[in-house]
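*Asks:* Here is my input; please provide its structure:
(chains A and B)
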Number of protein chains: 2
Amino acid sequence: MEILKQRILADGVVKEGNILKVDSFLNHQIDISLLNEIGREFHRLFRSEDITKIITIEASGIAIASIAAQYFHVPVVFAKKSASKNIDGEVYSSMIRSYTHGNDYTAILEKKFLGPNDRVLILDDFLATGKAQLGLLDIARQAGADVAGIGIVIEKGFQGGGDHLRDAGYNLKSLAIIDRMEDGKVVFREDSF
Amino acid sequence: MEILKQRILADGVVKEGNILKVDSFLNHQIDISLLNEIGREFHRLFRSEDITKIITIEASGIAIASIAAQYFHVPVVFAKKSASKNIDGEVYSSMIRSYTHGNDYTAILEKKFLGPNDRVLILDDFLATGKAQLGLLDIARQAGADVAGIGIVIEKGFQGGGDHLRDAGYNLKSLAIIDRMEDGKVVFREDSF
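*Replies:* All right, here's what the predicted structure looks like:
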């Protein structure tokens, strides 16, 4: 997605440890106009999939999922990262190792919001090793829901999680795939779609 | 806001401890059509305030702020609840006592995303004792930003935080104010606007 790549080149900041900061427009401050373009693009890519629900994980996936959901006319359900006394009843849960924070957490999603009649689209801002996506796939599997697709804004291709998911047969589309970051510069993989 | 109140009456669940669960449409599963109506209503209430940024706090405020921001054509900045290695540089921070979780956390927001030229609208899903809002007001004060308004989807009026903020002079508008919850029923305060 060209305007996204241009925005990453213009405003993304490469930090030590292969960290790409896009917090001026994607996951701390959010450019809602850009998110609308991203939502439209996800809809173009997955419109034929008969999506019934968009699922994501808090926190930075929520804005993307919510804006995109307007084009699909379906609800969003976001998995929560820790138990809260506002969560009760039966939940699906999956342990996730966080690359960003370097610790484990449990993603939980109430059973009543996902079931075997759902065809879900998983949306998130980043895909690196794929741990968060595997957690959401695990939750979808527990629910008996079909996973119609996975849409990612920025895939760090060099961390392998995306190719692993493609090899496993998932319909994964990333709007920008980064092949490498060298000398503070981002190098994108050629589009596959 | 009538359709919101009707939805709370239809789908909200009153739990022990004065907890109102609206997780089927507002803060776990999200009805994006309803959020669009909420966003339009916030715009109607605050359109004349020359808002430059909408601020909120993760996680459940993000969907509301993002959808509403489309009507204001301004960016969203969400305060984060804990330090992450993706946050660097100078941050504003404020300690907040969570009613929901019964513990303290620190809200942080990078200084570069809020400054003295900003007129902010604070949006959130719930206001109870007002601790989260006081944290965001503290961050706005540190930034030297004007607070043009505070928009809340559901105010638990009986917990006093909203009236405290109004008494302090803030332009607070809540789309539904709950005066009390008795025998599992929600009783709304008469609209003040």
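
*Asks:* Which SSE is immediately downstream of the strand or helix carrying A:I8?
*Replies:* Taking DSSP states H and E as the definition, A:I8 sits inside helix A:2-11. From helix A:2-11 onward toward the C-terminus, using DSSP H and E, the following helix or strand is strand A:13-15.

*Asks:* So for that following strand, mean pLDDT?
*Replies:* Mean pLDDT, strand A:13-15: 94.

*Asks:* sec struct for the residue positioned nearest the centre of chain A, please.
*Replies:* Centroid-nearest residue in chain A: A:D124, 1.5 Å away (criterion: Cα atoms, centre = their mean). On the three-state scheme (DSSP: H, G, I helix; E, B strand; the rest coil), A:D124 is labelled strand.

*Asks:* That one - nearest residue in space that isn't next to it in sequence?
*Replies:* Spatial nearest neighbour of A:D124, chain neighbours left out: A:G61 (4.5 Å); criterion: Cβ to Cβ, 6 or more residues apart in numbering or on different chains. C-betas here are computed from N, CA, C, even on glycine.

*Asks:* What score does the one you found have for pLDDT?
*Replies:* Per-residue pLDDT puts A:G61 at 96.

*Asks:* Please apply the same query to A:M95.
*Replies:* Looking at A:M95, its pLDDT reads 88.

*Asks:* quick one: it and A:G135 touch, right?
*Replies:* Yes: at 7.2 Å, A:M95 and A:G135 qualify as touching, with contact defined as Cβ atoms under 8 Å.

*Asks:* Helices of chain A, residue ranges please.
*Replies:* Along chain A, the stretches classed as helices by DSSP state H are A:2-11, A:32-46, A:61-72, A:131-143, A:161-167.

*Asks:* is any part of the longest one close to chain B?
*Replies:* Yes: on the criterion Cβ under 8 Å from any Cβ of the partner chain, helix A:32-46 is in touch with chain B at A:I32, A:S33, A:L35, A:N36.

*Asks:* Between those, which sits nearest B:R180?
*Replies:* The shortest gap between B:R180 and any of these belongs to A:I32, at 36.5 Å (Cβ to Cβ).

*Asks:* Who are the contact partners of A:T106?
*Replies:* Contacts here follow Cβ atoms under 8 Å, 6 or more residues apart in numbering or on different chains; on that basis A:T106 touches A:K81, A:S82, A:A83, A:S93, A:S94, A:M95, A:I96.

*Asks:* Give me the neighbour count for the spatially closest residue to the last one that is not a sequence neighbour.
*Replies:* When you say that, I think you mean A:I96. Among residues not flanking A:I96 along the chain, A:G135 sits closest, at 4.0 Å (Cβ to Cβ, 6+ apart). Neighbour count of A:G135, defined by other Cβ atoms under 10 Å in any protein chain shown: 23.

*Asks:* which residues does A:G135 contact?
*Replies:* Contacts for A:G135 were tallied using Cβ under 8 Å, 6+ apart; they are A:I57, A:A79, A:S94, A:M95, A:I96, A:A107.

*Asks:* And the pLDDT at it?
*Replies:* 96.

*Asks:* can you redo the residues of helix A:32-46 next to chain B as JSON lines with neighbour count, distance to B:V14 and pLDDT?
*Replies:* Conversion of the residues of helix A:32-46 next to chain B to JSON lines gives the following (neighbours: other Cβ atoms under 10 Å in any protein chain shown; distance: Cβ to Cβ, whole Å; pLDDT from 0 to 100):
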{"residue": "A:I32", "neighbour count": "23", "distance to B:V14": "34", "pLDDT": "98"}
{"residue": "A:S33", "neighbour count": "14", "distance to B:V14": "39", "pLDDT": "98"}
{"residue": "A:L35", "neighbour count": "22", "distance to B:V14": "34", "pLDDT": "98"}
{"residue": "A:N36", "neighbour count": "16", "distance to B:V14": "36", "pLDDT": "98"}
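
*Asks:* and which of these is nearest chain B?
*Replies:* Proximity to chain B was ranked across the residues of helix A:32-46 next to chain B by Cβ to the nearest Cβ; first place goes to A:I32, at 4.5 Å.

*Asks:* nearest spatial neighbour of the closest one, skipping sequence neighbours?
*Replies:* Distances taken as Cβ to Cβ, 6+ apart put B:A69 closest to A:I32, at 4.5 Å, once the chain neighbours are dropped.

*Asks:* What count of nearby residues applies to A:I122?
*Replies:* A count of nearby residues for A:I122, using other Cβ under 10 Å, gives 28.

*Asks:* what bridges to the nearest residue in space to it that is not next to it in sequence?
*Replies:* Nearest residue to A:I122, sequence neighbours excluded (Cβ to Cβ, 6+ apart): A:I150, at 4.6 Å. Counting by DSSP bridges, A:I150 forms beta bridges with A:I122, A:L172.

*Asks:* again, but for A:V91
*Replies:* Note on A:V91: beta-bridge partners A:E110, judged by DSSP bridges.

*Asks:* ok, it touching A:L109?
*Replies:* Yes: with contact defined as Cβ under 8 Å, A:V91 and A:L109 form a contacting pair (6.3 Å).
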